[in-house]
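Student: Task: produce atomic coordinates for the following.
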Amino acid sequence: MKAFLCLLALGIFLHIHEGQAIWCPPGFESFYVGPESPETCIKFAMDVKREWHEAKSYCESLLPGGYLAKLDEANLHWTVISYIRSHPEMLDEGFHIGCTDEVTEGTWLWTDGLPVEMFTGHWYPGQPDGGQKENFGCLYYDDFLYSSCVNGQRLYTICMF
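Tutor: All right, here's what the predicted structure looks like:
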């Protein structure tokens, strides 16, 4: 009986969802976007606005395996947009995400080194722009599509685990 109760408690603790178990640390939300995508833990860090490098370091310091959000999965990006739109306190804000062309102008990469898909519906029309003055990816109100944000701009942060 004790073993059963321990397993039951463990299952609740791990948040079992559609046959998959995921544990999101405190402050992270679980995002499930479909059977072909894994569940993801996302934190909307709205405690303080940070510049992009600070945001990246902050996400990495939260826990091993934490990183600045990589919204490369279409359904995940749209799900995050929907989440933001359902939270009025987020609607007039901007959020850093984990892509940059800081190393090579015009070559947008996620922080793990993989290329960002260009010319997709994820980018705001006309973005990225700004040349060497705008090297960091963000989601900006009111559409929360990818944008290239001004170097040094302080925004809230989206972290993933």
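Student: Tell me where this protein has helices.
Tutor: Taking DSSP state H to define them, one finds helices in the chain at 2-14, 52-62, 74-85.
Student: Report the buried residues of the last one.
Tutor: Right, the one you point to is helix 74-85. By neighbour count with 16 or more other C-beta atoms under 10 Å, helix 74-85 contains the buried residues 76-77, 79-81, 84. C-beta coordinates here come from the backbone N, C-alpha and C atoms, glycine included.
Student: which strand in the chain runs the most residues?
Tutor: strand 40-50 (DSSP state E).
Student: Can you list the strands that it pairs with?
Tutor: Using DSSP bridges, the strands paired with strand 40-50 are strand 29-31 (antiparallel), strand 155-160 (antiparallel).
Student: nearest to residue 108, of the ones you listed?
Tutor: Among these, strand 155-160 comes nearest to residue 108, with 16.7 Å by C-beta to C-beta.
Student: List the contacts of that closest one.
Tutor: Strand 155-160 is contacted from outside by 28, 40-46, 49-50, 55, 58-59, 62, 66-71, 80, 90, 93-98, 138-139, 149, using C-beta atoms under 8 Å, 6 or more residues apart in numbering.
Student: okay, which residue is most central for this structure?
Tutor: Centroid check for the chain by C-alpha atoms, centre = their mean gives residue 69 as the closest residue, at 2.8 Å.
Student: so that one touches residue 42, yeah?
Tutor: Yes - contact between residue 69 and residue 42 holds when scored by C-beta atoms under 8 Å: they sit 6.6 Å apart.
Student: what's the overlap in contacts for those two?
Tutor: Common neighbours of residue 69 and residue 42, counting by C-beta under 8 Å, 6+ apart, are 80, 158-160.
Student: Tell me which residues touch residue 63, please.
Tutor: 25, 161 are the contacts of residue 63 under C-beta under 8 Å, 6+ apart.
Student: With residue 48 as the reference, measure out to it.
Tutor: 18 Å (C-beta to C-beta, to the nearest Å).
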